[in-house]
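Novice: Below is the sequence, then the predicted model.
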Amino acid sequence: MSTYNGFVFVLDEPERAQQIKDAFEHFGDFTDTISTPDWRPKTVEICFISFDGENLDFAALGKRGRRVATNKDQIRFSSPMDLNSLPFDRLEELVELMREKIAAGKRIIVFGNGGSASTASHFVCDLAKGVFTGGGPRIKALSLNDCIPLMTAWSNDEGYDRVFVEPLANYLEEGDISDKGTHMLSTSGMMRHARESDASKFIVATETGILYRMQKENPDKEFIPADPCAVCKYMKMITLENLRDALKEMKYEVKVPDDIAAKARVSIERMLEIA
């Protein structure tokens with residue numbers, strides 16, 4: 001064991017293991033008496049707890065207290081994380097994706113809200129410096145949390161929901177968005193995909209009006225607008241009353257010059273081909 005890398009404790013007594021699980025669940029901490037000769041008093045270390053000696057079950061912060069009569073130390077474990085609940089398959093996918101992008105010379109951009117902002121900055125420090133000084137490649141990593149003036153400018157002018165979206169758009173390049181899970185569909189196609197897909201969360205990149213219908217038809221799923229400001233004021237002018245009057249009185253005729261119509265027709269035909 002090393003005071004620099006944390007400690008691993010194997011507690012393979014079933015009754016004791018259950019007591020620890022119950023303490024973590026109900027109180028969020030527990031104190032045990034353990035022999036830790038190389039742990040300095042009153043210092044906090046990262047600890048891993050195993051109940052079978054093969055798998056790590058919990059991660060927690062441990063603080064060494066006073067030494068008791070049995071020549072062992074009181075250790076208080078707090079802030080536990082149940083490692084069995086972590087989606088390791090998704091984490092492995094993320095690691096492989098990052099390796100792929102780093103090898104291709106792509107950027108790794110991270111950001112976080114609240115306390116996660118400091119985590120994002122620390123993570124970038126590990127990527128941009130720690131990996132290289134440890135013998136790895138130089139990584140193009142940056143945290144969107146680190147330019148406070150830019151964050152406050154976007155927040156002040158456009159709202160806090162834009163503080164990451166807008167700065168991130170400055171770095172987008174071709175190929176940054178994976179084609180896996182990305183679908184270019186018509187309106188009916190988007191509705192059908194939302195209904196039939198096993199996914200529970202969708203990012204929708206189109207006029208935001210469709211989100212109301214999507215949410216109404218799929219109340220157990222979450223739909224996130226890629227751009228909350230993507231609202232077409234002209235589409236909102238199409239009401240049942242206006243449609244009725246247009247058909248009844250044959251008014252609201254729109255005439256488009258032939259040269260503009262020809263250019264517009266190309267875009268419409270391409271869109272229909274994709275759909």
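Specialist: Yep, that arrived.

Novice: residue ranges of the helices in the chain, please?
Specialist: With helices called from DSSP state H, the chain shows them at 14-27, 88-103, 115-125, 131-133, 148-158, 165-169, 187-196, 210-217, 240-249, 258-274.

Novice: Redo these as a markdown table? Include mean neighbour count and mean pLDDT.
Specialist: C-beta coordinates here come from the backbone N, C-alpha and C atoms, glycine included. A markdown table is the format used below for the helices of the chain (neighbours: other CB atoms under 10 Å; pLDDT from 0 to 100):
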| stretch | mean neighbour count | mean pLDDT |
| --- | --- | --- |
| helix 14-27 | 13 | 83 |
| helix 88-103 | 11 | 87 |
| helix 115-125 | 15 | 88 |
| helix 131-133 | 11 | 89 |
| helix 148-158 | 13 | 90 |
| helix 165-169 | 15 | 85 |
| helix 187-196 | 14 | 90 |
| helix 210-217 | 14 | 92 |
| helix 240-249 | 10 | 89 |
| helix 258-274 | 9 | 83 |
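
Novice: right, so of those helices, which gets closest to Ala230?
Specialist: When the helices of the chain are compared by CB to CB, helix 210-217 sits nearest Ala230, at 10.1 Å.

Novice: Would you format the helices of the chain as a markdown table with distance to Glu54 included?
Specialist: Putting the helices of the chain into a markdown table (distance: least, CB to CB, whole Å) gives the following:
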| stretch | distance to Glu54 |
| --- | --- |
| helix 14-27 | 13 |
| helix 88-103 | 15 |
| helix 115-125 | 29 |
| helix 131-133 | 29 |
| helix 148-158 | 45 |
| helix 165-169 | 42 |
| helix 187-196 | 41 |
| helix 210-217 | 45 |
| helix 240-249 | 66 |
| helix 258-274 | 51 |
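
Novice: of those helices, which approaches Phe223 most closely?
Specialist: Closest to Phe223 of those, according to CB to CB: helix 210-217, at 4.8 Å.

Novice: Please find the angle between the direction vectors of that closest one and helix 187-196.
Specialist: Angle between the axes of helix 210-217 and helix 187-196 is 40 degrees (criterion: axes from the mean of the first three to the mean of the last three CA atoms, to 10 degrees).

Novice: follow-up on the earlier one: so which of the helices of the chain gets nearest Leu61?
Specialist: That would be helix 14-27 among the helices of the chain, by CB to CB, at 12.2 Å.

Novice: related to what we said a few turns ago, nearest to Gly62 among the helices of the chain would be which one?
Specialist: Of all the helices of the chain, helix 14-27 sits nearest to Gly62, with 12.4 Å by CB to CB.

Novice: Next, the distance between the ends of stretch 159-173.
Specialist: 25 Å (CA to CA, to the nearest Å).

Novice: For Gly53, find the nearest of the helices of the chain.
Specialist: Across these, Gly53 has its closest neighbour in helix 14-27 (11.4 Å, CB to CB).

Novice: Run the chain-centre distance for that closest one.
Specialist: Helix 14-27 sits 31 Å away from the centroid of its parent chain (CA atoms, centre = their mean, to the nearest Å).
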